[in-house]
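A.B. asks: what follows is a predicted structure for the sequence shown.
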Amino acid sequence: METVAPFKEVIDEVKEKGGDAVKFCYQCGKCDTVCPWNRVRTFSMRKLIREATFGLSEIEREEIWRCTTCGKCPQRCPRDVKQIDDMIALRRMATGYGVFPAAVKPYRAVSSGLTAQGNPFNEDRKTRADWAEGLSVKPFAEGMEVLYFPGCYLSYDPRLKKVAQATVKVLKKAGVEFGILGTKENCCGESIRKTGNEDVFRKLAKENIKTFIDNGVKKILVSSPHCYHTFKNEYPEFKVHFEIVHISQFLFELINEGRLKITGEYGKKVMYHDPCYLGRHNGIYDEPRETLKKIPGLELNEFAESREEALCCGMGGGRIWAETPKSERFSNIRLEEAVVAGARELVTACPYCITNFEDSRAVLNYSEEIEVKDITEILAEVI
């Protein structure tokens with residue numbers, strides 16, 4: 001009896017943190033067959049779920065932090081085990097005890113930055129809108145068509161600021177009345193929540209919600225699928241509902257309504273990569289493709305694994321901040337496939353994907369072979 005008691009306590013804690021669904025697992029192993037980690041190393045979600053079922057989880061090991069929350073295993077699971085929720089539950093336990101293995105120790109600094117400055121880089125909040133200097137972007141005012149919420153990476157990362165600037169060009173060309181909140185913005189909180197830090201997520205969410213309400217925001221346009229997912233699917237937990245639109249959807253609408261005219265040609269062969277949080281998690285597959293198809297001269301090609309079967313870039317679930325060895329990056333596989341297919345550009349619609357593919361392009365020495373672009377950057381060149 002003495003050996004059973006502590007196990008029972010761990011099981012109860014797993015359930016309390018949101019991992020009760022582990023009990024449904026009957027160890028069929030379908031999750032392991034589709035997990036992208038098994039393309040680069042040995043990894044078993046089935047084993048992690050089994051250990052959690054018996055209260056044997058080792059929270060000090062990196063394994064519970066590997067899940068990128070890509071959504072492939074829930075698609076295949078015949079028992080609705082909710083693997084993502086289960087892994088987040090284990091991470092909540094580990095975070096509560098302050099246990100972080102070496103690869104995810106950066107999460108501590110990220111958490112501090114989010115708490116102090118509202119962004120994961122701990123950059124000065126006062127500089128959050130510096131990306132818009134010289135673009136005549138207005139502060140959001142009640143009654144405007146949309147609030148443009150670029151998110152943390154587009155606000156601070158040098159490469160991704162170009163995406164925010166391209167977005168402004170497109171919106172202005174289409175005559176969209178929009179504004180930004182700039183220094184009033186916080187990170188949406190999606191990724192820190194996936195690392196198990198519920199307290200920081202709730203703080204960020206409540207502050208954002210108050211800001212949106214105080215400023216009369218009704219419709220929010222986002223560039224990041226992670227912002228999209230959280231605002232649309234998780235903020236309603238706080239009894240609020242805003243209309244959320246991803247830029248890939250909005251571009252499609254603007255073109256179809258005749259508000260955005262494409263005047264140039266784009267004579268390049270491109271491959272479109274489905275971001276997990278745009279595709280599998282939210283079912284947005286057609287709009288970005290249809291937008292690209294409307295560009296004269298652009299040759300759109302598909303990966304063998306696309307749409308529901310698309311390979312994760314590897315940066316979800318907080319992995320954007322973790323240390324991942326170069327040999328274990330899924331994005332390397334994706335980029336190599338694009339180069340072999342003869343694509344001149346790998347196009348996507350997610351700042352995490354772009355960040356990771358740009359890193360892979362440098363690691364694989366593909367700077368001459370292929371470029372990585374956001375769909376908005378392409379539109380900005382042909383309008």
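C.D. replies: Received, thanks. Residues are numbered from 1 along each chain as shown.

A.B. asks: at which residues are the strands of the chain located?
C.D. replies: 146-149, 178-179, 219-222, 243-246, 269-272, 299-301, 345-348, 371-374 (DSSP state E).

A.B. asks: what would those strands look like in TSV with distance to residue 319 and mean neighbour count?
C.D. replies: To be clear about C-beta, it is placed using only N, CA and C from the backbone, and glycine gets the same treatment. Formatted as TSV, the strands of the chain follow (distance: least, Cβ to Cβ, whole Å; neighbours: other Cβ atoms under 10 Å):
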stretch	distance to residue 319	mean neighbour count
strand 146-149	23	23
strand 178-179	31	19
strand 219-222	20	22
strand 243-246	21	19
strand 269-272	22	21
strand 299-301	27	15
strand 345-348	16	24
strand 371-374	18	22
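
A.B. asks: so which of the ones you listed gets nearest residue 35?
C.D. replies: Among the strands of the chain, the nearest to residue 35 by Cβ to Cβ is strand 345-348 (21.1 Å).

A.B. asks: pull the residues that contact that closest one.
C.D. replies: Strand 345-348 has contacts (Cβ atoms under 8 Å, 6 or more residues apart in numbering) with 268-275, 292, 334-335, 338, 354, 357, 370-375, 378.

A.B. asks: could you rerun that using 6 Å?
C.D. replies: If you take Cβ atoms under 6 Å, 6 or more residues apart in numbering as the criterion, strand 345-348 is touched by 268, 270-273, 275, 338, 357, 370-373, 375.

A.B. asks: tally of neighbours for the residue nearest to residue 247 when sequence neighbours are not counted?
C.D. replies: Among residues not flanking residue 247 along the chain, residue 223 sits closest, at 5.1 Å (Cβ to Cβ, 6 or more residues apart in numbering). As a burial measure, residue 223 scores 27 neighbours (other Cβ atoms under 10 Å).

A.B. asks: just to revisit the earlier point, which one among the contacts of strand 345-348 gets closest to residue 256?
C.D. replies: Out of the contacts of strand 345-348, the member with the shortest distance to residue 256 (by Cβ to Cβ) is residue 375, at 15.2 Å.

A.B. asks: what sits closest to the closest one if chain neighbours are left out?
C.D. replies: residue 349 (5.0 Å).

A.B. asks: surely that neighbour meets residue 288?
C.D. replies: Yes - if you go by Cβ atoms under 6 Å, residue 349 and residue 288 touch, sitting 5.4 Å apart.

A.B. asks: look at the two and report which has more neighbours.
C.D. replies: Using other Cβ under 10 Å as the criterion, residue 349 and residue 288 rank with residue 349 on top: 29 against 26.

A.B. asks: so who does that one touch?
C.D. replies: Counting by Cβ under 6 Å, 6+ apart, residue 349 makes contact with 248, 278, 288, 375.

A.B. asks: please report how far residue 161 lies from residue 150.
C.D. replies: 9 Å (Cβ to Cβ, to the nearest Å).

A.B. asks: those two: which is more packed in?
C.D. replies: Comparing residue 161 with residue 150 by other Cβ under 10 Å, the one with more neighbours is residue 150, at 30 against 17.

A.B. asks: leaving out sequence neighbours, find the closest residue to that one.
C.D. replies: In space, residue 150 is closest to residue 164, 4.4 Å off (Cβ to Cβ, 6+ apart).

A.B. asks: hmm, the one you found is touching residue 131, no?
C.D. replies: Yes - using Cβ under 6 Å, residue 164 makes contact with residue 131 at a distance of 5.1 Å.

A.B. asks: show me the residue at the heart of this structure, geometrically.
C.D. replies: With distances taken as Cα atoms, centre = their mean, residue 226 lies nearest the centre of the chain, 3.7 Å away.

A.B. asks: which other residues reach stretch 320-328?
C.D. replies: Contacts of stretch 320-328 (Cβ under 6 Å, 6+ apart): 40, 41, 103, 104, 106, 110, 352, 363.

A.B. asks: and those residues, which are buried?
C.D. replies: For these, a burial check counting by 16 or more other Cβ atoms under 10 Å picks out 40, 104, 106, 110, 352.

A.B. asks: so which pair among those residues is furthest apart in space?
C.D. replies: The most distant members of the buried ones among the contacts of stretch 320-328, if one measures by Cβ to Cβ, are 40 and 110, lying 23.6 Å apart.

A.B. asks: returning to that earlier point: give me every residue that touches the residue nearest to residue 247.
C.D. replies: 150, 151, 154, 247.
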